[in-house]
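Novice: quick check, what structure comes out for this input:
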Amino acid sequence: MTTQTTQTTHAAPATPTAHNSLDSTAPEPRSAVLDDAHVGDIRGALGTIRLDDTTPRHGLSARLKTLLAVVGPGLIVMVGDNDAGAFSTYGQAGQNYGTRLLWTLLMLVPVLYVNQEMVLRLGAVTGVGHARLILERFGKFWGAFSVIDLFLLNALTLVTEFIGVTLAAGYLGLPKAASVVLAAGIIIASAFTGSFRRFERVAVTLCLGSLLLVPVYFLVHPKTSQLAHDFVVPSMPGGAGELAAVMLVIISIVGTTVAPWQLFFQQSYVIDKRITPRFMTYEKADLWIGIVIVIVGAAAMMGFTAAAFAGTDGAGHFSDAAAVARGIEDKAGRLAGVLFAIALLDASIIGAFAVSLSTAYAIGDVFGIRHSLHRGVKGAKGFYGIYAGLVVAAAAITLLSTDRAQGLMTQFVQVLAGVLLPSATVFLLLLCNDRAVLGPWVNGPRTNAFTSAVVGVLVTLSLILTAAVVWPDISSGAILWIMAGCGVAGVLVAGYSFTSGRRGTKEDPIDRTGRENWRMPPLETLDKPVMSTARKIGMGALRAYLLLAMAMVIVKIVQTALDH
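Specialist: Numbering: from 1, shown residues only. Okay, the predicted model is just below:
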């Protein structure tokens, strides 16, 4: 294995250092790591790896110890995505449509992996956060846009996490106000220790709390054979008249499983944990562990909720996660309902951890504020101030808002996430094809083809979601027309890309040699990317769509609020 020693952008040129067991005289390249706290030993919740540790990992025991030390970013980002909003979304799918939408989870597995693997690569190779890369490579407009929309979306998402706390507390018979204050205190205190390891230990413990959904599943004991069938065989519940409602639930499942904040969080957390390309294989394993846990948890929720409400008056009439807990209690007893409520409380807190950190990391990255959990509060006042301010503001809004206002905020979060997700994926794809940024780590043709198809599907779903919010009575025919139009546009774009590529000179194959030691040079030394005419047109269209869609959604939400 190699030792990856990095320097901050203000450091002097590196001197020769032993960073390769086969070549002890090769000079260490300067890297673009923006904060010197991001350089050093990996001090994870479950182990430590010294920066100068070049011992080859042979044998199961050595590899397992390395994996335990690296585990964290993939696990936390995935489990954090099964938050309060996810509990509501999966509960709604199970209560209203049984297990017939389970197949959507299987379809999302490759999307989750490809998206988060690209983010993992960007973090480990560049040492620079997602927002900063967008700012530097695409200009101030898109950099500001990425931070502003992330800040707005994350602030509202944080409110939904505290709404989850109130729902769980209400079911458990706990005072809601005290529960929100206590949850906010735990979220803030866990980050304010000045120790990355202590924070990660709290976060990993909360991740293990998500496993409470497993005993709930066995207490309710849904029909496993039916779940297995619906997990692998796609179907659409209801007839043509229900297409609009079903599509909205599917879009909600996509939006709550693949969220924009995940991209910003995992890239910055990988950097803060000091993970470099030498640990790429282990970090991919960490990501797979998180994906398995999140998919198992989502499938379990959908399955036991479907079983709890099957044949009851509540079937098809979802209201909120607290009502799901009551339905589970009616089916399997008080213990099952309590375990579900505790899991909801746990999910809300871990979700708040991740969402708050993603915002603080992004703002710190863009504005040059020291941002690392390795620093104490005195060493990164701005970073911790943003983190705590977001948590306090979200808790206060939750306590001061009415149930109706909370419902509108929850709706706005889902819609806004659906609108912004395609643009987030587009930037991710462009960055992962930027050779100045990733060098030998850039995407291959298969990853590009798959991600481009995903972007097309996300744009289609985003358009349907926006149209359904603006025109609640949208017909099934209109939805089919949107899908058909996007399909035709996708075919035309794919055809143009293929033919233009064939007409041009064939690009040299990507040289992957030596990539284990390759890190992105300091940002100021990189040549600015050349914007082709096609890319300018595409970016302009994306900008126009985002502004129009967000304006329409905001107007609709305001109208709905005034009507009530």
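Novice: now do the closest residue to residue 168 other than its chain neighbours against residue 307, distance only.
Specialist: Of all residues not flanking residue 168 in the chain, residue 345 sits nearest, at 4.0 Å (CB to CB, 6 or more residues apart in numbering). C-beta here means a position set from N, CA and C on the backbone, and glycine is covered the same way. Computed as CB to CB, to the nearest Å, the residue 345 to residue 307 distance reads 22 Å.
Novice: just residue 152 next, same as before
Specialist: From residue 152 over to residue 307 (counting by CB to CB), the distance is 38 Å.
Novice: burial count for residue 400?
Specialist: When counting by other CB atoms under 10 Å, one arrives at 8 neighbours for residue 400.
Novice: likewise residue 289?
Specialist: Other residues near residue 289 come to 17 when the count uses other CB under 10 Å.
Novice: residue ranges of the helices in the stretch 101-250 of the chain, please?
Specialist: 103-126, 130-138, 140-172, 176-191, 196-209, 213-220, 224-232, 243-257 (DSSP state H, counting those that start in this stretch).
Novice: wait, residue 134 touches residue 428, no?
Specialist: No - at 9.4 Å, residue 134 does not count as touching residue 428 under the criterion of CB atoms under 8 Å.
Novice: between residue 152 and residue 307, which one's more packed in?
Specialist: Comparing residue 152 with residue 307 by other CB under 10 Å, the one with more neighbours is residue 307, at 23 against 16.
Novice: shaky segments in the protein?
Specialist: Within the chain, the ranges that satisfy pLDDT under 70 run 1-31, 238-241, 411, 493-509, 560-561, 563-564.
Novice: hey, where'd the strands end up in it?
Specialist: 42-44, 47-49 (DSSP state E).
Novice: deepest in the core, which of those strands is it.
Specialist: The highest mean neighbour count among the strands of the chain, using mean count of other CB atoms under 10 Å, belongs to strand 42-44: a mean of 21.
Novice: note down every partner strand of that strand and its orientation.
Specialist: Strand 42-44 has its sheet partners listed here by DSSP bridges as strand 47-49 (antiparallel).
Novice: who touches the partner strand?
Specialist: 41-42, 65-66, 68-70, 279 (CB atoms under 8 Å, 6 or more residues apart in numbering).
Novice: that strand: how far from the chain's middle?
Specialist: Distance of strand 47-49 from its chain centroid, counting by CA atoms, centre = their mean, to the nearest Å, is 25 Å.
Novice: got the CA positions of stretch 510-524 in CSV?
Specialist: Taking Å, rounded to 0.1, in the frame of the first residue of the first chain, the C-alpha atoms of stretch 510-524 are listed here in CSV:
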residue,chain,number,x,y,z
ILE,A,510,-7.7,6.9,-20.4
ASP,A,511,-4.4,6.0,-18.8
ARG,A,512,-5.1,4.6,-15.4
THR,A,513,-1.5,3.8,-14.4
GLY,A,514,-0.3,5.2,-11.1
ARG,A,515,-3.7,6.4,-10.1
GLU,A,516,-3.2,5.1,-6.5
ASN,A,517,-0.8,8.0,-6.0
TRP,A,518,-2.5,10.6,-8.0
ARG,A,519,-4.2,13.6,-6.3
MET,A,520,-5.7,16.7,-7.8
PRO,A,521,-3.2,19.6,-7.8
PRO,A,522,-4.1,22.9,-6.1
LEU,A,523,-7.2,24.4,-7.7
GLU,A,524,-5.5,27.7,-8.7
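Novice: buried sites along it?
Specialist: 515-523 (16 or more other CB atoms under 10 Å).
Novice: in contact with the closest residue to residue 94 other than its chain neighbours, which residues?
Specialist: Nearest residue to residue 94, sequence neighbours excluded (CB to CB, 6+ apart): residue 305, at 3.1 Å. Residues near residue 305 by CB under 8 Å, 6+ apart: 90-91, 93-95, 324, 327-328.
Novice: check residue 62 too.
Specialist: Counted by CB under 8 Å, 6+ apart, residue 62 has contacts residue 55.
Novice: that older thread, return the member of the contacts of strand 47-49 nearest to residue 266.
Specialist: Nearest to residue 266 among these is residue 70, at 13.1 Å by CB to CB.
Novice: next, format the helices of the stretch 101-250 of the chain as CSV and append distance to residue 409.
Specialist: Converted to CSV, the helices of the stretch 101-250 of the chain look like this (distance: least, CB to CB, whole Å):
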stretch, distance to residue 409
helix 103-126, 25
helix 130-138, 24
helix 140-172, 5
helix 176-191, 15
helix 196-209, 24
helix 213-220, 25
helix 224-232, 32
helix 243-257, 15
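Novice: residue 364: which of the ones you listed is closest?
Specialist: helix 130-138 (9.1 Å).
Novice: which parts of the closest one are buried?
Specialist: 130-138.
Novice: what do you get for stretch 358-373?
Specialist: Per 16+ other CB under 10 Å, stretch 358-373 contains these buried residues: 358-366, 369-373.
Novice: stretch 266-286 too?
Specialist: Result for stretch 266-286 [16+ other CB under 10 Å]: buried residues 266-280, 282-286.
Novice: just give me the neighbour total for residue 141.
Specialist: So residue 141, with other CB under 10 Å, has 11 neighbours.
Novice: please disregard the earlier target; I meant residue 101.
Specialist: Residue 101 has 24 nearby residues by other CB under 10 Å.
Novice: isn't it right up against residue 249?
Specialist: Yes - under the criterion of CB under 8 Å, residue 101 makes contact with residue 249 at 6.6 Å.
Novice: overlap in contacts, the two.
Specialist: residue 93.
Novice: for residue 437, give me its contacts.
Specialist: Counting by CB under 8 Å, 6+ apart, the residues that residue 437 touches are 122, 125-126, 133, 137, 431, 520, 526.
Novice: rebuild these as JSON lines, extending it with distance to residue 156.
Specialist: Converted to JSON lines, the contacts of residue 437 look like this (distance: CB to CB, whole Å):
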{"residue": "122", "distance to residue 156": "26"}
{"residue": "125", "distance to residue 156": "32"}
{"residue": "126", "distance to residue 156": "29"}
{"residue": "133", "distance to residue 156": "24"}
{"residue": "137", "distance to residue 156": "27"}
{"residue": "431", "distance to residue 156": "26"}
{"residue": "520", "distance to residue 156": "33"}
{"residue": "526", "distance to residue 156": "34"}
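Novice: just give the nearest non-adjacent residue to the one residue sitting closest to the centre of the chain, would you?
Specialist: For the chain, residue 262 is the residue whose C-alpha lies nearest the centre (CA atoms, centre = their mean; 2.1 Å). Spatial nearest neighbour of residue 262, excluding adjacent residues (CB to CB, 6+ apart): residue 77 at 5.3 Å.
Novice: could you measure the one you found against residue 261, distance?
Specialist: Taking CB to CB, one finds residue 77 at 9 Å from residue 261.
Novice: compare neighbour counts for those two and give me the winner.
Specialist: Set side by side, residue 77 and residue 261 show more neighbours around residue 77, with 30 against 25, by other CB under 10 Å.
Novice: what sits against that one?
Specialist: By CB under 8 Å, 6+ apart, the contact set of residue 77 is 116, 262, 265-266, 269, 290, 354.
Novice: same question, residue 391
Specialist: 158, 184, 187-188, 352, 356.
Novice: same check, this time on residue 321
Specialist: Contacts of residue 321 (CB under 8 Å, 6+ apart): 84, 87-88, 91, 164, 167-168, 344.
Novice: relative to residue 109, which of those is nearest.
Specialist: The nearest member of the contacts of residue 321 to residue 109, counting by CB to CB, is residue 87 at 19.8 Å.
Novice: and the gap between that closest one and residue 415?
Specialist: From residue 87 across to residue 415, the span is 18 Å (CB to CB).
Novice: those two: who's more crowded?
Specialist: Per other CB under 10 Å, whichever of residue 87 and residue 415 has more neighbours is residue 87, with 31 against 27.
Novice: tell me how far the residue nearest to the more buried one when sequence neighbours are not counted lies from residue 89.
Specialist: Excluding the flanking residues, the one nearest residue 87 by CB to CB, 6+ apart is residue 321, at 4.6 Å. According to CB to CB, residue 321 stands 10 Å off from residue 89.
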